[in-house]
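A.B. asks: Structure of the sequence below:
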Amino acid sequence: MQPRHDAQRAPPCPTGKAGESAAALTRRGMLAALAAWQGLPAAAQQSPPARPLTLVVPYAAGGPLDRTARPLADACTARLGAIHILNVPGDGGAKGSGLVAQATAQDRLLLMGTAATHAVLPWLQPQLGYDPQRDFQPLVLVARMPHVLVMRSDLARQWRIRTPSDLQRFLARPRQPVRYASGGVGSSGHLSGEMYQMLTRLTLQHLPFGGSQPALSALLDGSAELLFDSLPSALPHIRAGRLQAIAVTTLERVPQLPEVPPLNDTVHGFNLTNWFGLFAPAAWPAELAQRHAAVFSQAMRHPPLQEMLAAMGVLPDNLQLQEFSRFLRSEHSKYGLLVQAARIRQL
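C.D. replies: Numbering: from 1, shown residues only. You can find the predicted model right below:
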């Protein structure tokens, strides 16, 4: 099920004095505003070398994606010049991604995309407005962000659950379904719960909330019993003893929680993590894309940057170009099968 990219391309609508569609005028306005934000005159839009590179983060400032993008950009300024970070939140990441999808090489825009923007949303929003494989050139897979299956520590002691096997035995007993919270329909926490139920054939009750923080609050206040939370979000509560970590969602153990087993050890086939990657618009020349991929990849190998990301609960990665493209195709197919098999309604 491929998203209908052309469905959002300017249908018949009011035109400007040059005969352009309203959609084209809107895009021009956004790019002109971007140039003004960068402190450049409108005429500078025709002079690519004078315009600094802008890295679009399609979510609000302060989150794990934003906190990954900023030190990475700083590490590349010596070779690429100043790199501005532009947060364009909205539509689950689709707004900022769509802006970069339509950009030209002269616009000097890159995207910090995610599993959501490039592997999940295309299956949930048929009218997404961009094609994640056709409209972008994957440059570098920057990092993966593990998730961890957690429950309140006091409840884990009461129910005698410490391991994935303990949880499966508990869920197999006849009872009302245990509730798991998520940040919303189609979120990584929701998809993790669906994958868990499909692979174990055990039943959970999904409680969607309007974001990851409300879902975590629901777990802590007893409104839900389980949560697949991102490692950066859950780690402080695990270390403080409020949450019991049952398993991580990666195939291997993670350095931040070396004693916690992968869920795949007992639920074979379970492998689901969020990831961040750099994308250029499809309009970029291949040579330009390759040059930028090499610079960002070299920056990712710097120990200080890797240590900073690891401290956040993010695992640095470094797949480039064709390898990243193959990874992206695999992720796109995996999430498509999961969304269809779980019959997750379209957004």
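A.B. asks: Show me the helices in this structure, by range?
C.D. replies: With helices called from DSSP state H, the chain shows them at 22-37, 64-80, 94-101, 115, 121-124, 153-159, 164-172, 188-200, 212-221, 231-239, 286-300, 303-312, 321-342.
A.B. asks: Show residues contacting the shortest one.
C.D. replies: Right, the one you point to is helix 115. 188, 273-275, 331, 335 (CB atoms under 8 Å, 6 or more residues apart in numbering). Every residue, glycine included, has its C-beta placed from N, CA and C.
A.B. asks: give me the beta-bridge partners of Leu227?
C.D. replies: Val150, Ala181 (DSSP bridges).
A.B. asks: Show the model's pLDDT score for it.
C.D. replies: Note on Leu227: pLDDT of 98.
A.B. asks: likewise the one 10 residues further on?
C.D. replies: pLDDT, His237: 97.
A.B. asks: Kindly report the same for Arg67.
C.D. replies: On the pLDDT scale, Arg67 gets 90.
A.B. asks: With Leu337 instead?
C.D. replies: The model's pLDDT for Leu337 equals 90.
A.B. asks: Pro174 too?
C.D. replies: Pro174 is given a pLDDT of 87.
A.B. asks: quick one: which of the helices of the chain is nearest Ser182?
C.D. replies: helix 188-200 (3.5 Å; CB to CB).
A.B. asks: average pLDDT across the closest one?
C.D. replies: 95.
A.B. asks: before we move on, what about stretch 81-93?
C.D. replies: For stretch 81-93, mean pLDDT rounds to 93.
A.B. asks: Just the residues contacting it, thanks.
C.D. replies: Contacts for stretch 81-93 (CB under 8 Å, 6+ apart): 34, 37-38, 52-61, 66, 69-70, 73-74, 76-77, 95-96, 99, 113-114, 116-117, 121, 125, 186, 347.
A.B. asks: What distance separates the opening and closing residues of stretch 81-89?
C.D. replies: 25 Å (CA to CA, to the nearest Å).
A.B. asks: Closest to Pro304 out of the contacts of helix 115?
C.D. replies: Trp275 (21.5 Å).
A.B. asks: Would you mind listing where the protein has pLDDT under the threshold?
C.D. replies: 1-50, 346-347 (pLDDT under 70).
A.B. asks: and the residue minimising distance to the centre of it, how far is that from Ala75?
C.D. replies: Nearest residue to the geometric centre of the chain (CA atoms, centre = their mean): Thr114, 3.0 Å. Thr114 sits at a distance of 20 Å from Ala75 (criterion: CB to CB, to the nearest Å).
A.B. asks: Same check on Pro236?
C.D. replies: Distance from Pro236 to Ala75, by CB to CB: 26 Å.
A.B. asks: The two: which has the busier surroundings?
C.D. replies: Ala75 (21 against 11; other CB atoms under 10 Å).
A.B. asks: Just give the nearest non-adjacent residue to that one, would you?
C.D. replies: Ala299 (3.9 Å; CB to CB, 6 or more residues apart in numbering).
A.B. asks: I figured that neighbour was touching Leu305, is that so?
C.D. replies: Yes. With contact defined as CB atoms under 8 Å, Ala299 counts as touching Leu305 (6.4 Å).
A.B. asks: Report the set of residues contacting both of the two.
C.D. replies: Joint contacts of Ala299 and Leu305 (CB under 8 Å, 6+ apart) are 72, 75.
A.B. asks: These two: which is more packed in?
C.D. replies: Remark: of Ala299 and Leu305, Ala299 carries more neighbours, 22 against 18, as counted by other CB under 10 Å.
A.B. asks: Can you show me the CA trace of the strand ranked longest in the chain as PDB?
C.D. replies: Longest strand in the chain by number of residues (criterion: DSSP state E): strand 136-145. The C-alpha coordinates for strand 136-145 follow below in PDB (Å, rounded to 0.1, in the frame of the first residue of the first chain):
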ATOM      1  CA  PHE A 136      14.300  11.500  -0.500                       C
ATOM      2  CA  GLN A 137      17.900  10.300  -0.700                       C
ATOM      3  CA  PRO A 138      18.900   8.500   2.500                       C
ATOM      4  CA  LEU A 139      22.300   9.700   3.600                       C
ATOM      5  CA  VAL A 140      23.200   8.300   7.000                       C
ATOM      6  CA  LEU A 141      21.400   6.200   9.600                       C
ATOM      7  CA  VAL A 142      22.400   8.200  12.700                       C
ATOM      8  CA  ALA A 143      21.100   6.300  15.700                       C
ATOM      9  CA  ARG A 144      18.600   3.800  17.000                       C
ATOM     10  CA  MET A 145      16.600   4.400  20.100                       C
END
